[in-house]
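J.: Let me see the structure of the following:
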Amino acid sequence: MAGTPVPFTADDYAARMDRAARAAAEAGLAGVLVAPGPDLVWLTGYAPPAATERLTLLVLAAGRDPVLVVPTLEAPDAEKAAGASALTLRDWTDGKDPYAATAPLLDGRGRFGVGDSTWALHLLGLQKALPDTSYVPLTEALPMLRAVKDAAELERLAAAGAAADATYEEILKVPFAGRREADVAADLADLLRRFGHEQVDFTVVGSGPNGANPHHEAGDRVIGRGDTVVLDFGGLKHGYGSDTSRTVHVGEPSAEEQRVHDVVRAAQQAAFEAVRPGAACQDVDRAARAYITDAGYGDRFIHRTGHGIGVTTHEPPYMIEGEEQPLVPGMCFSVEPGIYLPGRFGVRIEDIVTVTGDGGRRLNDTPREMAVVQ
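T.: Got it, this is the predicted structure:
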């Protein structure tokens, strides 16, 4: 596995905050308000305590210095954040009104983009203090804010993808037959951590009929010979996501199981080949869906073809019909068609793909053929 990447600098975070403020102005917004969550980490490097009812809010507006409103007791940690040198901190103490402290920063009126992680408690408090303001979710107002990755982010995503690949190669060596799905899921989690993940977000192990549920939670079902098993796993390494799926078989597959797998593999390849600058997100979905529909399984492909990935494992852009956002170099997203036959089995194959200057590049390189496990 590659070593630890060079940390992001204060200048990196300052550039991101400036980009967000300018994008907000271009979208007709008075500014951007970001509460604790992935957006705040991406913009500032600051991750305050997750379970706090105290208002913490980054205020960004074009032509103004960024301001971070924080509880006084959290101010020392906020000052240590990597992007803190580009911020003005405004703290408030317990017993005082945090919305009164924030109100002057918003000029009392205008439409603001609000981070998706903002508590309703805080949004309602702002609305009460500033009745002439209005708010729109950032995923609606600025859906592409984090979508295009720079070279340092791509390096982290590639490292996370390589760690997930190493996990898959190792899981093929463990016994499946006679063990519970939860046992194999625990193996996946242990392997992701062994290969450098600081956070494991999901370990789907869908055996036999459970594989027909795309988000099946691994449980007590005992995997048997003859089972098709969907594996979907990922998390965060160096703060950036991995997410890959492969479908394996315990013993030799039947002709039907092999055919369904071959259809999904060809559909995944068709979708990958549709990735190029200027194509619409929906074109990737259309390529996979057309192949599966032509093979007679169109009604059994029941989810979008892909989702963006970065500091979270699911984020914009989404590869789905109706999403006309053009692909540009640096975007990263999953390509993961599947076929699900209720009560019988499912198949999914997933890679993370980044858009390049002339097409796409996979960040997962393990074989896509159906592996036979014991």
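J.: Does the residue lying closest to residue 237 once chain neighbours are set aside fall in a helix, a strand, or a coil region?
T.: Here the nearest residue to residue 237 in space, its sequence neighbours aside, is residue 160; by C-beta to C-beta, 6 or more residues apart in numbering that works out to 4.1 Å. (Each C-beta comes from the backbone N, C-alpha and C, glycine too.) When classified by DSSP: H, G, I helix; E, B strand; the rest coil, residue 160 comes out as helix.
J.: Look up which residues are beta-bridged to residue 206.
T.: For residue 206, the beta-bridge partners are residue 230 (DSSP bridges).
J.: is it true that it touches residue 233?
T.: No: the criterion here is C-beta atoms under 8 Å, and residue 206 misses it with residue 233 at 11.5 Å.
J.: Which residue of those two possesses the greater neighbour count?
T.: For residue 206 versus residue 233, the count of surrounding residues by other C-beta atoms under 10 Å is larger for residue 206: 29 against 26.
J.: can you list the weak-confidence ranges in the chain?
T.: For the chain, residues meeting the criterion pLDDT under 70 lie at 1-2, 51.
J.: Which elements pack onto the host helix or strand of residue 99?
T.: Counting by DSSP states H and E, the element that carries residue 99 is helix 98-102. Applying 3 or more C-beta pairs under 8 Å, 6 or more residues apart in numbering; DSSP states H and E, we find helix 98-102 packed against strand 67-71, strand 88-92, helix 120-129.
J.: give me the number of residues near residue 193?
T.: 16.
J.: I meant to write residue 6 there.
T.: 8.
J.: Verify the contact between it and residue 153 for me.
T.: No: Residue 6 is not in contact with residue 153 according to C-beta under 8 Å; the separation is 11.9 Å.
J.: mind listing what's buried in stretch 207-214?
T.: Neighbour counts over stretch 207-214 (16 or more other C-beta atoms under 10 Å) mark 207, 208, 209, 210, 211, 212, 214 as buried.
J.: what's the first-to-last distance across that stretch?
T.: Length of stretch 207-214, first residue to last, C-alpha to C-alpha, to the nearest Å: 11 Å.
J.: got the contact list for the helix holding residue 99?
T.: Outside helix 98-102, the residues that touch it by C-beta atoms under 8 Å, 6 or more residues apart in numbering are 54-55, 57, 59, 69, 71, 90, 92, 122, 125-126, 128-130.
J.: Could you identify the buried members of these?
T.: 54-55, 57, 59, 69, 71, 90, 92, 122, 125-126, 129-130.
J.: Kindly report the domain assignment for this structure.
T.: Per automatic domain parsing, the domain ranges recorded for the chain read 10-141, 151-373.
J.: So which of those domains is the most surrounded?
T.: Of all those, domain 151-373 has the most neighbours on average by mean count of other C-beta atoms under 10 Å, namely a mean of 20.
J.: Identify the residues contacting whatever residue is furthest in space from the centre of the chain.
T.: In the chain, counting by C-alpha atoms, centre = their mean, residue 95 sits farthest out from the average C-alpha position, at 37.3 Å. Taking C-beta under 8 Å, 6+ apart, we find residue 95 in contact with no residue.
J.: Quick check: it vs residue 29, distance?
T.: Distance, residue 95 to residue 29, using C-beta to C-beta, to the nearest Å: 32 Å.
J.: Also residue 317?
T.: Counting by C-beta to C-beta, the gap from residue 317 to residue 29 is 20 Å.
J.: Check residue 236 too.
T.: Applying C-beta to C-beta, the value for residue 236 to residue 29 is 29 Å.
J.: Likewise for residue 159?
T.: Shown here: residue 159 relative to residue 29, a distance of 34 Å by C-beta to C-beta.
J.: Checking residue 155 next. Helix, strand or coil?
T.: helix.
J.: Which residues are in contact with the residue nearest to it when sequence neighbours are not counted?
T.: Once flanking residues are discounted, residue 155 sits nearest to residue 5: 5.6 Å by C-beta to C-beta, 6+ apart. Contacts for residue 5 (C-beta under 8 Å, 6+ apart) come out as 152, 155, 156, 159, 238.
J.: Nearest to residue 333, out of those residues: which one, please.
T.: residue 156 (15.5 Å; C-beta to C-beta).
J.: Surely that closest one and residue 242 touch.
T.: No: using C-beta under 8 Å, residue 156 is not in contact with residue 242, being 10.1 Å away.
J.: which strands and helices sit next to the host helix or strand of residue 340?
T.: In the assignment (DSSP H and E), residue 340 maps to strand 338-341. If you count contacts as 3+ C-beta pairs under 8 Å, 6+ apart, strand 338-341 packs onto helix 255-273, strand 345-348.
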